[in-house]
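> when you get a sec, could you give me coordinates for this:
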Amino acid sequence: MKKPYIYFFAFFLLTSCSSKEEEIYTPVPYNLEIPALFVDKLIAPIIPADNLLTEEGVLLGKKLFFDKKLSGDNTKACSSCHNPKKAFTDQQQFSTGVQGEFGKRNAMPLFNLAWNFDERFAWDGKEFGLEQQALEPVSNPIEMHANWNLVVQKLQESTEYPTLFLRAFGTSEIDAKLVTKAIAQFERTLVSGDSKFDKYLLGETSLTQEEQNGFNVFMDEAKGDCFHCHGSNNNPLWTDNAFHNNGLDITFQDLGFGEVTGDPNDNGKFKSPSIRNLAFTAPYMHDGRFATLEEVINHYSEGLQKSSTIDPLMKKVNEGGVHLSPKDKNDLKAFLLSLTDREFINNPNFQE
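Have a look, this model is predicted:
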């Protein structure tokens with residue numbers, strides 16, 4: 001007659017432990033701090049329903065972002081090419097992979113990714129969604145050159161990661177999908193919106209005469225005419241996140257967006273990067289061909305090249321560019337640098 005009581009007691013212990021474990025590992029929702037201008041000017045950020053931000057998920061993603069175990073020889077992390085002190089670039093024309101090989105594209109900065117509403121990532125838009133984007137660099141033979149199964153094995157055998165995944169996702173069984181989910185959570189917290197120009201728009205500071213004139217040049221269709229692709233005071237992302245041929249070449253060594261879509265009309269098109277934090281993200285363009293902001297400005301002023309897919313927004317291409325005066329060039333640079341967010345690169349939440 002004692003056995004039923006023993007079975008009941010054992011069942012009670014198991015269910016009690018199970019419910020207690022679930023209570024312990026219920027992730028805490030993450031409070032994403034959204035800048036006031038973003039709230040005012042933009043729709044809500046994209047947070048997938050199957051990968052909501054949690055404190056545990058973001059912390060795990062951060063740890064993975066800086067962990068060299070994700071590379072084949074344990075020498076490279078995501079942060080090797082995306083350094084937080086450099087607005088998550090590496091300030092190299094082309095990044096070096098684990099075997100010393102160079103890629104063919106400049107490392108893109110990482111910030112305000114949750115407001116990329118078409119969800120196409122990379123210079124050529126080849127990856128759809130942040131979770132998917134995080135898969136490719138790990139297995140890319142030029143970049144981290146790792147086998148995902150071996151990466152997962154390394155993480156599974158560690159003393160820390162199974163518990164961290166249990167806290168973040170309710171399971172200690174690690175796979176590539178959960179790894180990229182965690183990294184994507186961390187990347188969505190990389191918000192930059194505290195530059196001098198942001199403060200100016202909020203009425204908290206004033207611009208110099210040069211910065212104000214530079215902004216006017218930027219917005220003037222008869223001068224810089226930059227705002228169509230790179231945002232405005234009404235678009236605090238300072239990019240349209242679309243793909244354009246901005247007159248870099250007559251013929252294309254790199255097809256860009258056209259290689260992804262297969263449409264010749266997209267050849268030579270690349271994503272417009274945000275012009276925030278340009279002080280930290282040189283060299284510029286998809287192939288890092290311009291070392292300085294002066295070179296970038298000179299390209300649009302006098303260096304446009306006409307090709308079959310040139311963007312209609314390059315209205316002065318037949319004249320080689322918009323032909324800015326030396327003063328307007330200097331002032332335009334001053335404005336661009338007013339979009340520098342030093343709080344972003346020094347945010348301890350983004351450091352290793």
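> alpha carbons only for contacts and neighbour counts from here, please
OK.
> how about the strands of the stretch 151-300 of the chain, start to end?
243-244, 270-271 (DSSP state E, counting those that start in this stretch).
> nearest to Ser195 among those would be which one?
Between Ser195 and the strands of the stretch 151-300 of the chain, the shortest gap by CA to CA is with strand 270-271, which sits at 22.6 Å.
> for the closest one, what is the average pLDDT?
Here strand 270-271 scores 98 as its mean pLDDT.
> give the pairing partners of it; include direction for each.
With DSSP bridges as the test, strand 270-271 is paired with strand 243-244 (antiparallel).
> packed most tightly, which of the strands of the stretch 151-300 of the chain would that be?
With neighbours taken as mean count of other CA atoms under 10 Å, these reach their highest mean count in strand 270-271, at a mean of 24.
> what does that strand rub up against?
Ala122, Trp123, Asp124, Gly125, Asn241, Ala242, Phe243, His244, Asn245, Gly256, Phe257, His286 (CA atoms under 8 Å, 6 or more residues apart in numbering).
> please redo it, this time with the cut-off set to 7 Å
Applying CA atoms under 7 Å, 6 or more residues apart in numbering, the set of residues contacting strand 270-271 from outside is Trp123, Asp124, Asn241, Ala242, Phe243, His244, Asn245, Gly256, Phe257.
> ok, and the closest non-adjacent residue to Leu113?
Arg188 (5.9 Å; CA to CA, 6 or more residues apart in numbering).
> correct me, but that neighbour touches Asn116?
No. Contact criterion CA atoms under 7 Å: Arg188 and Asn116 do not qualify, at 10.3 Å.
> quick revisit: how many neighbours does the residue nearest to Leu113 have?
Counted with other CA atoms under 10 Å, residues neighbouring Arg188 total 21.
> before we move on, what about Val152?
18.
> contacting residues for it?
Taking CA under 7 Å, 6+ apart as the test, what Val152 contacts is Ile174, Asp175, Ala176.
> tally of neighbours for the last one?
What it means is Ala176. Residues near Ala176, counting by other CA under 10 Å: 15.
> want to throw the strands of the stretch 151-300 of the chain into TSV with distance to Val152?
Output for the strands of the stretch 151-300 of the chain, formatted as TSV (distance: least, CA to CA, whole Å):
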stretch	distance to Val152
strand 243-244	34
strand 270-271	32
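> wait, which of the ones you listed is closest to Asn147?
Per CA to CA, nearest to Asn147 of the strands of the stretch 151-300 of the chain: strand 270-271, 28.7 Å.
> where does the stretch 1-150 of the chain dip in pLDDT?
Applying pLDDT under 70 to the stretch 1-150 of the chain picks out residues 1-24.
> apply 80 and report the result again.
Applying pLDDT under 80 to the stretch 1-150 of the chain flags the ranges 1-25.
> can you map out the strands along it?
Going by DSSP E, counting those that start in this stretch, the stretch 1-150 of the chain shows strands at 120-121, 127-128.
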